[in-house]
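Engineer: give me a model of this one.
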Amino acid sequence: MPPSELMPIGVFAQRSGLTASALRFYADSGLLRPAETDPASGYRYYGVGQVARATALRALREIAMPLPVVAAVLEAEPGEASRLIDEHVAKVLGDAAA
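Structural biologist: Numbers count the residues shown, from 1 in each chain. Here you go, the predicted structure:
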């Protein structure tokens with residue numbers, strides 16, 4: 001990816017609504033790996049195309065979706081992703097009603 005399309009972690013954090021520490025956590029957990037990592041400094045760079053995944057990840061975590069389910073939703077086809085989200089929302093509503 002050309003360097004002009006990459007943004008440092010701080011800029012990407014602002015664009016995605018995630019903190020830099022959350023981005024490091026999601027990178028380490030494999031949910032949102034940086035497009036490139038500087039081998040000398042370890043500094044992480046993200047691509048513009050990763051913003052949508054980051055914002056989806058943030059939204060799913062905001063509804064208290066567990067990380068394994070988030071991973072499944074992010075990798076699923078749209079119909080399956082929708083089903084997984086619906087199941088999670090139904091569970092949250094059921095728990096709240098109880």
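Engineer: can you map out the helices along the chain?
Structural biologist: All helices of the chain, identified by DSSP state H, fall at 9-16, 20-29, 51-62, 67-75, 78-97.
Engineer: JSON lines for those helices, including distance to Tyr45 and mean neighbour count?
Structural biologist: Where you see a C-beta, it was placed from the backbone N, CA and C, and this is true even at glycine. Rendered in JSON lines, the data for those read as follows (distance: least, C-beta to C-beta, whole Å; neighbours: other C-beta atoms under 10 Å):
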{"stretch": "helix 9-16", "distance to Tyr45": "7", "mean neighbour count": "17"}
{"stretch": "helix 20-29", "distance to Tyr45": "11", "mean neighbour count": "16"}
{"stretch": "helix 51-62", "distance to Tyr45": "13", "mean neighbour count": "16"}
{"stretch": "helix 67-75", "distance to Tyr45": "20", "mean neighbour count": "15"}
{"stretch": "helix 78-97", "distance to Tyr45": "27", "mean neighbour count": "12"}
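Engineer: any idea how far Val11 lies from Ala64?
Structural biologist: According to C-beta to C-beta, to the nearest Å, Val11 and Ala64 sit 28 Å apart.
Engineer: just for the protein, where's the confidence low?
Structural biologist: 1-4 (pLDDT under 70).
Engineer: sorry, back to before: out of the helices of the chain, which gets nearest to Ser41?
Structural biologist: helix 9-16 (11.5 Å; C-beta to C-beta).
Engineer: who are the packing partners of that closest one?
Structural biologist: helix 20-29, strand 44-47, helix 51-62 (3 or more C-beta pairs under 8 Å, 6 or more residues apart in numbering; DSSP states H and E).
Engineer: who touches the first one?
Structural biologist: Counting contacts by C-beta atoms under 8 Å, 6 or more residues apart in numbering, the residues outside helix 20-29 that touch it are 9-10, 12-13, 16, 18, 32-34, 44, 46, 54, 57, 67.
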